[in-house]
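*Asks:* Provided below for reference: sequence and predicted model.
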2 protein chains.
Amino acid sequence: MIKVGIIGVGTVGESVARILEENQDVISARAGAAIEVKKGIVRTLEKKRDVDIPLSTDVNEVLEDPEIDIVVELMGGVEEPYKVVTKALRNKKAVVTANKALLAYHRYELAELAKDIAFEYEASVAGGIPIITALRDGLSANHIESMMGIMNGTCNYMLTKMRDEGVAYDAILKEAQNLGYAEADPTFDVGGYDAAHKLLILASIAYGIDAKPEDILIEGIERITQDDIAFAKEFGYEIKLLGIAKKEGSEVELRVHAALVKKEEMIAKIDGVMNGISVVGDKVGETLYYGPGAGGDATASAVVANIIDIARSGKSTPMLGFDRPMEGKLTLKDADEISSKYYLRINVNDKAGVLAKLTKIFEANSISIETMLQRPGESASANLLISTHCAKERDIQKMIGEIEVLDFVNKKPVMIRIV
Amino acid sequence: MIKVGIIGVGTVGESVARILEENQDVISARAGAAIEVKKGIVRTLEKKRDVDIPLSTDVNEVLEDPEIDIVVELMGGVEEPYKVVTKALRNKKAVVTANKALLAYHRYELAELAKDIAFEYEASVAGGIPIITALRDGLSANHIESMMGIMNGTCNYMLTKMRDEGVAYDAILKEAQNLGYAEADPTFDVGGYDAAHKLLILASIAYGIDAKPEDILIEGIERITQDDIAFAKEFGYEIKLLGIAKKEGSEVELRVHAALVKKEEMIAKIDGVMNGISVVGDKVGETLYYGPGAGGDATASAVVANIIDIARSGKSTPMLGFDRPMEGKLTLKDADEISSKYYLRINVNDKAGVLAKLTKIFEANSISIETMLQRPGESASANLLISTHCAKERDIQKMIGEIEVLDFVNKKPVMIRIV
């Protein structure tokens, strides 16, 4: 009999308790043991909950209970759960968490603390998709060349709806909020931060690289309009919020931003709230993992899979998948040095000579134009939709700075990278 | 230092040795140990090989070498490798195999023999895609409701080409043979047997169900023509060779056949030689795994991942993912009882009254027609392309038998199931 304590009994915590109960036939057969939730820790006992497990508000009733083998951390936040799981590990309890923010900031300290005890976190990236298992165990023979993922269902839902229904960003955001796909303050999702947390976790497994959210390029989808979607349709692209990791030589670039992806790519075919992550290994080539990235039961499916793993074999794999440095010294590439093709939307006053002046600036910055589309904008303005050949982030940003201050340019140009 | 013996040094065996050499930086960091191929066993020493490992023709130089920890079986066949891996397990050596035929026939005996020692087989299903790991470890919290997979790259390549280039089955088969995607005798691939072996392995992990290839419905793609592809286009389907497992109550249906799949389904979007497997769990919902299903390096990627797993932790999971019966008694559903929608192509003499007679037979068999399309056939014949509502396999087969002998019907009707 394996005993579990759940710290944080919200939507996911309730699902974990319910799955352990409802699916105990397959779970005990697969785990080789019965698994029981001995206690759930909550902030308040007032609230009615959907599951029948003993509850307490005192976290130490889990952390210091010698009968509890596995602590499931579902509190949310960073520093408070860090203290809790640290104490759990010190008390020789295995830990399972779904907390991506905790890992985005503390995964290396935790890997150190969890050298001899299991610390699992399948649910922290892409919810129900077993991407951690796939990357850490299934693809372990490979140097990972690149990863590209739709890791935020809210953004993918919004972008899919904008494409299919032709409605504006603000209207879709409101709808997503009403459906519970987006928070009242949606910045964490639509600003790319949620995806960045997940990308950092995957990048540690793939490359052993240490970086925090503030170290990498993070942009969201807030400025995307129907003009951009029209451009994408015209030139055979889909617009996706992607987390991207790419190794070149001894450098790894990590970035989260909206991107134009060729329609034929598998990752471009992932619509709605679903997540998908494409991983390219030097030996296996491209593999892709698709499924629900959020939701109580889908997330809990991953949490319970970790519990079963631990019940089966205790600690079977180093937390991040390696226990010594992997490929010489891989370092994080300076965001300025990232090279990409770009799409620019520039809103200009629709008068003679504008195009000549603009193209001159492109030329002066050695950025060459691949395609151009002009669409009418509001009140005597025009939107120039331009795609470029490969250029460096530093150069494109410098050029955007120059364009932005021109008297015939109405607002800061919108830039979307093309992958 | 972990020492490996490879039995069968063909394309995959060479790739395994090469990956262990070329990627040793990441492999040793992930495995927590250096891994070395101590010996390769071959049928003949005459042939020049691409890797530099000690070779011998005597299998006992691996099986009886006390220094060898892991035996990699890549011989092919069924009974000979069964003897070899049995001996390896008895000698307390962990086994890694890519041999789906071996597992299609002997997986339960092997699970018994491998109770205390690792026996891994990631490469046996869908090559480089870590589907065994995903299903056995990543989705272990779920009752698996269904699985649907494109598990044969040869068939998928051929069907994609037939769709995109409008050419006939025979021409594409010849091309696939020239490219090395299909064997001189292609029956194993195009007849669905290869996919069936893989499906049986997945069904054991998902359901614990024991069946052999001869117990289940297996059909291939040999009779598909451009008429069928035209029908699929007209009604928004793709034609795919699928391995399907579905649980209903205490019964599991297992079948391999060409199928019409709605274009919007993720599985329908998988083109060319790639494989993809969709798994629906009761808690997680649908997840899908995509990647290369064959090729030396992709297959070897999975073999080496298993070697790394074993080096990390010895035996961490029961071979089939469970060590006691799972869900009461799940039994194999009688193929006659399988229910589906069907598409029929009936080649008839193009004369008056034919349609009336045919539809009468449908009615007499209580099979109701959903759509019908008539296309001209060769020399005064017509092809009737008919889709039905749900019916049982037994009833549709009986009706096809009745139709087949009608004097105005020119050849045995072609039937494709709709999923």
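*Replies:* Yep, that arrived. This structure is a prediction, so every number in the text was calculated from the model and none was measured.

*Asks:* what residues go with each domain of chain A?
*Replies:* A:2-134+A:296-313, A:139-290, A:335-418 (automatic domain parsing).

*Asks:* quick one: terminal-to-terminal distance for the last one?
*Replies:* Okay, so that is domain A:335-418. For domain A:335-418, the first-to-last residue distance is 16 Å (Cα to Cα, to the nearest Å).

*Asks:* what's the answer for the longest one, then?
*Replies:* The separation between the terminal residues of domain A:139-290, taken as Cα to Cα, is 16 Å.

*Asks:* Go ahead and measure how far that domain is from the middle of the chain.
*Replies:* Centroid separation between domain A:139-290 and its chain, computed with Cα atoms, centre = their mean, to the nearest Å, is 7 Å.

*Asks:* any idea which helix is longest in chain A?
*Replies:* As assigned by DSSP state H, the longest helix anywhere in chain A is helix A:296-313.

*Asks:* For chain B, find the nearest of the domains of chain A.
*Replies:* Proximity to chain B (Cβ to the nearest Cβ) singles out domain A:2-134+A:296-313 among these, at 2.4 Å. In this view, the C-beta of every residue, glycine as well, is placed from N, C-alpha and C.

*Asks:* Next, see if the closest one gets close to chain B.
*Replies:* Yes. Legend: contact between domain A:2-134+A:296-313 and chain B by Cβ under 8 Å from any Cβ of the partner chain is shown at A:15, A:19, A:23, A:25-32, A:122, A:128-130, A:133-134, A:297-298, A:300-305, A:307-309, A:312-313.

*Asks:* Weed out the non-buried ones from those residues.
*Replies:* A:15, A:19, A:23, A:26-32, A:122, A:128-130, A:133-134, A:297-298, A:300-305, A:307-309, A:312-313 (16 or more other Cβ atoms under 10 Å in any protein chain shown).

*Asks:* Tell me where the stretch 51-200 of chain A has strands.
*Replies:* Using DSSP state E, counting those that start in this stretch, the strands found in the stretch 51-200 of chain A span residues A:55-56, A:70-73, A:94-97, A:119-120, A:144-150.

*Asks:* circling back to that earlier point, mind putting the domains of chain A in JSON lines, distance to B:Asn365 and mean pLDDT included?
*Replies:* As requested, those are arranged in JSON lines below (distance: least, Cβ to Cβ, whole Å; pLDDT from 0 to 100):
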{"stretch": "domain A:2-134+A:296-313", "distance to B:Asn365": "39", "mean pLDDT": "97"}
{"stretch": "domain A:139-290", "distance to B:Asn365": "39", "mean pLDDT": "96"}
{"stretch": "domain A:335-418", "distance to B:Asn365": "56", "mean pLDDT": "94"}
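
*Asks:* Which among the ones you listed is found nearest to B:Asp194?
*Replies:* domain A:139-290 (19.6 Å; Cβ to Cβ).

*Asks:* A:Met266: neighbour count?
*Replies:* 23 (other Cβ atoms under 10 Å in any protein chain shown).

*Asks:* Does it touch B:Asp271 like I think?
*Replies:* No. At 9.3 Å, A:Met266 and B:Asp271 do not qualify as touching, with contact defined as Cβ atoms under 8 Å.

*Asks:* Spit out the residues that contact those two alike.
*Replies:* Overlap of the contact sets of A:Met266 and B:Asp271 (by Cβ atoms under 8 Å, 6 or more residues apart in numbering or on different chains) is empty.

*Asks:* Around chain B, pick out the residues from the stretch 151-300 of chain A.
*Replies:* So the stretch 151-300 of chain A meets chain B at A:208, A:266, A:269-270, A:281-292, A:295, A:297-298, A:300 (Cβ under 8 Å from any Cβ).

*Asks:* quick one: which of those sit in strands?
*Replies:* A:281, A:285-292 (DSSP state E).

*Asks:* hmm, which two among those residues are most spread apart?
*Replies:* A:Gly285 and A:Pro292 (25.3 Å).

*Asks:* Could you check which of the two is surrounded by more residues?
*Replies:* Using other Cβ under 10 Å as the criterion, A:Gly285 and A:Pro292 rank with A:Pro292 on top: 22 against 19.

*Asks:* Bridged to the more buried one, which residues?
*Replies:* For A:Pro292, the beta-bridge assignment (DSSP bridges) gives partners A:Met274.

*Asks:* A:Lys262 and A:Val279, how far apart?
*Replies:* 18 Å (Cβ to Cβ, to the nearest Å).

*Asks:* Between these two, which is the more surrounded one?
*Replies:* More crowded of A:Lys262 and A:Val279, by other Cβ under 10 Å: A:Val279, with 26 against 13.

*Asks:* For the more buried one, give me phi and psi.
*Replies:* When read as degrees, to the nearest 10, the backbone of A:Val279 gives phi -120, psi 130.

*Asks:* Kindly confirm whether my reading is correct that it touches A:His143.
*Replies:* No. Applying Cβ under 8 Å, one finds A:Val279 not in contact with A:His143, separated by 11.4 Å.

*Asks:* Excluding chain neighbours, what is closest to A:Ala335?
*Replies:* Distances taken as Cβ to Cβ, 6 or more residues apart in numbering or on different chains put A:Leu217 closest to A:Ala335, at 4.3 Å, once the chain neighbours are dropped.

*Asks:* One more: A:Asp210?
*Replies:* A:Tyr108 (5.7 Å).

*Asks:* Now do the contacts for the one you found.
*Replies:* Counted by Cβ under 8 Å, 6+ apart, A:Tyr108 has contacts A:204, A:210, A:320.

*Asks:* swap in A:Arg163?
*Replies:* Counting by Cβ under 8 Å, 6+ apart, A:Arg163 has contacts A:229, A:232-233, A:238-239.

*Asks:* now do 6 Å
*Replies:* Each residue near A:Arg163 by Cβ atoms under 6 Å, 6 or more residues apart in numbering or on different chains is listed here: A:Ile229.

*Asks:* cool, A:Asp164 as well?
*Replies:* Contacts of A:Asp164 (Cβ under 6 Å, 6+ apart): none.

*Asks:* What's the separation between it and A:Ile172?
*Replies:* A:Asp164 is 10 Å from A:Ile172, by Cβ to Cβ.
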